[in-house]
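Participant: The following comprises the amino acid sequence and a computationally predicted model.
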Amino acid sequence: MSDQALTAEIPVQGCSLKPSRLITARSFLTDRAVADCEEITLPGRQVPGGTVPYGRVDRMAAPASRKGWRALLRRRPGPVPLQGDLGMDCRFVSPENWSHFLNLHAPLAFELMRRLDLPPGGMTLILPAGTPGFILKAADYLGLRTQCADGAVTGPGAAFGFSRNITIPDRRRWLKAAGVIDQLFDGPRPDLPRHLFLSRRGARSISNQAEIESVLAPRGFATVYPEDLSPADQFQLFNTAETIVAIHGAGLAPLLYRHPDAPLRHLVEILPCGHMTDFYRLMAQQVGCRWTGVRGRLKPEYVRPAYDLSAPIYRQHSLDSFEVDPVSLERALEG
């Protein structure tokens, strides 16, 4: 698209991420005589701001060509007309991912509609063909109109310059300014758990989950797999629960939509050593609940890459199953 089309800017405010508490598995790294958990203070940091340029265009640009030999074997779909008056091409950064769509594409869409003075549903979000049904249901629940296509979509659109400096605080503010946070809140649901263990199957699952559930069950925690619930119920979990213990992953994405009056007070996020990130730590701070991290047990293959400070962030162990020390979880809940 031409830069001349981006005639306005959305300011993106920076913020300060406060120090937080992380509990590790018991080991002799603390004291070689008595194995114990380490309690680490994660340092704060400054989250940068920036701007998102945007504007209207009479004709949306065709999507970028896919790369790789598989793309060469596929015939590119022909253009299709836009279903609606104005489009937003969301076919970037994997909108098929639950977290990406809820935490990036949807908030940006609401802010663009607000700034362009469009009514609810006044913009069509263009998603890839084959987008999972749960994403489309979530969009419908949020009042967003969608159209799935792999080729060019002909029609006028909202153009914008995507930047990874679209920080979580701004996404939260965009949702609040559009009234989305208030619209989704109808008080806690009596049929949903007040103390919630948000678990995972397959990738990045806890291999000693039965041991962890034996710690949580006496405290009144119910185990829930997000994919077993409707998109609407997944949102309502975060407006009903008082305490959430969750494995890091996309299941935490509706946290961004938590209402200020919701009873959620404490999020304990269980992180594998192969995927340490402060994404939801920052989000918890912005939505107003306390965050405590629990780090899973180290594996030998994680150690050497962790000390190679010249290498890019390693991702080869991001989806590994891992073990959690139940004592470290107890410490996090008691803290």
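Facilitator: Nice, thanks for sending it over. Numbers count the residues shown, from 1 in each chain.
Participant: all helices in the protein, in order from the N-terminus.
Facilitator: Per DSSP state H, the chain carries helices over the ranges 69-73, 98-100, 106-115, 133-141, 168-177, 180-183, 209-216, 231-237, 279-287, 300-306, 326-334.
Participant: Lowest average confidence across those, which one?
Facilitator: Out of those, helix 69-73 stands lowest, with a mean of 60 (criterion: mean pLDDT).
Participant: In this structure Cys37 contacts Ala25, no?
Facilitator: Yes: contact criterion C-beta atoms under 8 Å: Cys37 and Ala25 qualify, at 6.8 Å. Every C-beta, even on glycine, is put in place using the N, C-alpha and C of the backbone.
Participant: Please tell me I have it right and Ser318 contacts Thr277.
Facilitator: No: counting by C-beta under 8 Å, Ser318 sits too far from Thr277 to count as a contact (9.4 Å).
Participant: So for Ala33, which of the helices of the chain sits nearest?
Facilitator: Closest approach to Ala33 among the helices of the chain (C-beta to C-beta): helix 326-334, 17.2 Å.
Participant: got the buried residues for the closest one?
Facilitator: By neighbour count with 16 or more other C-beta atoms under 10 Å, helix 326-334 contains the buried residues Pro326, Ser328, Leu329, Glu330, Arg331, Ala332, Leu333.
Participant: Could you tell me the angle between that helix and helix 209-216?
Facilitator: In terms of direction (axes from the mean of the first three to the mean of the last three C-alpha atoms, to 10 degrees), helix 326-334 departs from helix 209-216 by 40 degrees.
Participant: Strands along the stretch 1-150 of the chain, start to end?
Facilitator: For the stretch 1-150 of the chain, the strands defined by DSSP state E, counting those that start in this stretch cover 8-12, 15-17, 20-23, 39-42, 45-47, 50-57, 80-81, 87-89, 124-127, 145-148.
Participant: ignore the last one, the stretch 201-335 of the chain
Facilitator: Secondary structure of the stretch 201-335 of the chain by DSSP E, counting those that start in this stretch: the strands cover 222-224, 243-247, 266-271, 290-295.
Participant: Arrange these in TSV, one row each, with distance to Ala253 as further columns.
Facilitator: TSV is the format used below for the strands of the stretch 201-335 of the chain (distance: least, C-beta to C-beta, whole Å):
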stretch	distance to Ala253
strand 222-224	14
strand 243-247	11
strand 266-271	13
strand 290-295	15
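Participant: count of residues packed around Val180?
Facilitator: Val180 has 20 neighbouring residues, counting by other C-beta atoms under 10 Å.
Participant: Quickly note the distance from Pro48 to Arg171.
Facilitator: 15 Å (C-beta to C-beta, to the nearest Å).
Participant: between these two, who's got more neighbours?
Facilitator: Taking other C-beta under 10 Å, Pro48 and Arg171 do not tie; Arg171 has more neighbours (22 against 12).
Participant: So the more buried one is in contact with Phe101, correct?
Facilitator: No: judged on C-beta under 8 Å, Arg171 makes no contact with Phe101 at a distance of 11.9 Å.
Participant: What sits closest to Arg295 if chain neighbours are left out?
Facilitator: The shortest distance from Arg295 to any non-neighbouring residue, by C-beta to C-beta, 6 or more residues apart in numbering, is to Thr24 (4.8 Å).
Participant: and the one you found, what is it in contact with?
Facilitator: Thr24 makes contact with Cys37, Glu38, Glu39, Ile40, Arg295, Asp325, Ser328 under the criterion C-beta atoms under 8 Å, 6 or more residues apart in numbering.
Participant: Please name the bridge partners of Trp291.
Facilitator: Per DSSP bridges, the residues bridged to Trp291 are Leu267.
Participant: Give me the pLDDT for it.
Facilitator: pLDDT, Trp291: 98.
Participant: Next: Tyr314.
Facilitator: For Tyr314, pLDDT reads 64.
Participant: now do the one 3 residues further on
Facilitator: Confidence per residue is given as pLDDT, and for His317 that number is 83.
Participant: how close does the closest residue to it other than its chain neighbours get to Phe197?
Facilitator: Nearest residue to His317, sequence neighbours excluded (C-beta to C-beta, 6+ apart): Gly274, at 2.9 Å. Applying C-beta to C-beta, the value for Gly274 to Phe197 is 21 Å.
Participant: When these two are compared, which one has more neighbours?
Facilitator: Under the criterion of other C-beta under 10 Å, the comparison of Gly274 against Phe197 puts Phe197 first, with 27 against 21.
Participant: For the residue nearest to Ala246 when sequence neighbours are not counted, the count of nearby residues, please.
Facilitator: Nearest residue to Ala246, sequence neighbours excluded (C-beta to C-beta, 6+ apart): Leu198, at 3.7 Å. Residues lying near Leu198 (other C-beta under 10 Å) number 24.
Participant: Could you do the one 4 residues further on as well?
Facilitator: By other C-beta under 10 Å, the residues close to Gly202 number 7.
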